[in-house]
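Asks: sequence and predicted structure, then a few things I'm wondering about:
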Amino acid sequence: MIELKTDASIEAMYASGQVVGRALTAVRDAADVGVSLRELDEVAHEVLRAAGASSPFLGYRPSFAPTPFPAVVCASVNDAIVHGIPTGYRLRDGDLLSVDCGALLDGWAGDSAISFVVGSPRAEDLTLIETAERALTAGIGAAVVGNRVGDIAHAVGTVCRAAGYGIPADFGGHGIGRRMHEDPGVPNEGRPGRGVPLRHGMVLAIEPMLIAGGRDGYHPDPDGWTLRTDDGSRAAHVEHTVAITDAGPRVLTAREAARQNTAP
């Protein structure tokens, strides 16, 4: 069932989304060569604690997971697409890092992700990230009253495929509200004019995931969480929580301080 949020609920979700935005900005600022993924997780955790928020990631266990998730961020490096568990791995020069973070504040969830390069970037990595950001922008642009979920999926997928990138099937965006994952699902590829109609009060997490090698295949790590590209190529993942309103899409997780190097 899809819950339409009131304007007051959207404002509350904006507050939660801003906590997520601050956490991701703090992680981006702290990420450097030699810093461990576990240390970055603690940076995000401290932002959540300071805001009086909790993490919808910590302890989360969907049906596919063998164990509850042990951290407040997903930290996915290089060929890891999503759901990377923060470990003691220390970042190296040129690593492509995707960080996904959520927050629960006053009963409402926010969810967002960024991708960036640590240290000296490779041109192809910057192009991959820039394309992911363009796909996210296209998806947000299609998130208007009168469109359908398929229009968002088509907008995202068109940008990804035109650039020659792969899209992992079965993983995409989702509704969000009192819980991190709600109806409807928001695929990263689809047919325009199909799917659930978009109405004022719907709130969606739109999250393109791109595979640089151009193929769609992926596989889980032995940890049961981390998804890696089958071809070993690098991946990028960006995400925003977006409210559908009569005035147009409203990005609830917008990050002013992170706009130069990450998703808009």
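Replies: Structure's in. What do you need? Computed from a predicted structure; not experimentally measured. Numbers count the residues shown, from 1 in each chain.

Asks: residues of stretch 237-246 that come out buried?
Replies: 237-245 (16 or more other CB atoms under 10 Å). Where you see a C-beta, it was placed from the backbone N, CA and C, and this is true even at glycine.

Asks: let's have those in TSV, adding pLDDT.
Replies: Formatted as TSV, the buried residues of stretch 237-246 follow (pLDDT from 0 to 100):
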residue	pLDDT
H237	98
V238	98
E239	98
H240	98
T241	98
V242	98
A243	98
I244	98
T245	98
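
Asks: can you tell me which two in those residues are farthest apart?
Replies: Maximum pairwise distance in the buried residues of stretch 237-246, criterion CB to CB, is 25.5 Å, between H237 and T245.

Asks: what are the ranges of the helices in the stretch 1-150 of the chain?
Replies: Taking DSSP state H, counting those that start in this stretch as the test, the helices found in the stretch 1-150 of the chain are 7-30, 37-51, 123-141, 149-162.

Asks: could I have stretch 2-13 exported to PDB, CA atoms only?
Replies: Extracted C-alpha coordinates of stretch 2-13, given in PDB (Å, rounded to 0.1, in the frame of the first residue of the first chain):
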ATOM      1  CA  ILE A   2       1.200   3.500  -0.900                       C
ATOM      2  CA  GLU A   3       0.900   6.100   1.800                       C
ATOM      3  CA  LEU A   4       0.400   9.700   0.700                       C
ATOM      4  CA  LYS A   5       2.200  12.000   3.100                       C
ATOM      5  CA  THR A   6       0.700  15.200   4.400                       C
ATOM      6  CA  ASP A   7       2.500  18.500   3.800                       C
ATOM      7  CA  ALA A   8       3.500  18.400   7.500                       C
ATOM      8  CA  SER A   9       4.800  14.900   7.200                       C
ATOM      9  CA  ILE A  10       6.900  16.000   4.200                       C
ATOM     10  CA  GLU A  11       8.400  18.800   6.300                       C
ATOM     11  CA  ALA A  12       9.300  16.200   9.000                       C
ATOM     12  CA  MET A  13      10.900  14.100   6.300                       C
END
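
Asks: quick one: mean pLDDT for it?
Replies: The pLDDT scores in stretch 2-13 average 98.

Asks: which other residues reach that stretch?
Replies: 105-110, 175-178, 182-184, 196, 199-203, 241, 243, 245, 250, 252 (CB atoms under 8 Å, 6 or more residues apart in numbering).

Asks: now do the end-to-end distance for stretch 143-156.
Replies: Distance across stretch 143-156, first residue to last, is 11 Å (CA to CA, to the nearest Å).

Asks: and the pLDDT at L96?
Replies: You'll see L96 listed with a pLDDT of 98.

Asks: tell me the contacts of it?
Replies: 77-78, 115-118, 125, 128-129, 234-236.

Asks: would CSV of those residues with neighbour count be doable?
Replies: Shown next, in CSV, are those (neighbours: other CB atoms under 10 Å):
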residue, neighbour count
V77, 20
N78, 19
S115, 28
F116, 23
V117, 20
V118, 19
D125, 19
L128, 23
I129, 25
R234, 24
A235, 28
A236, 31
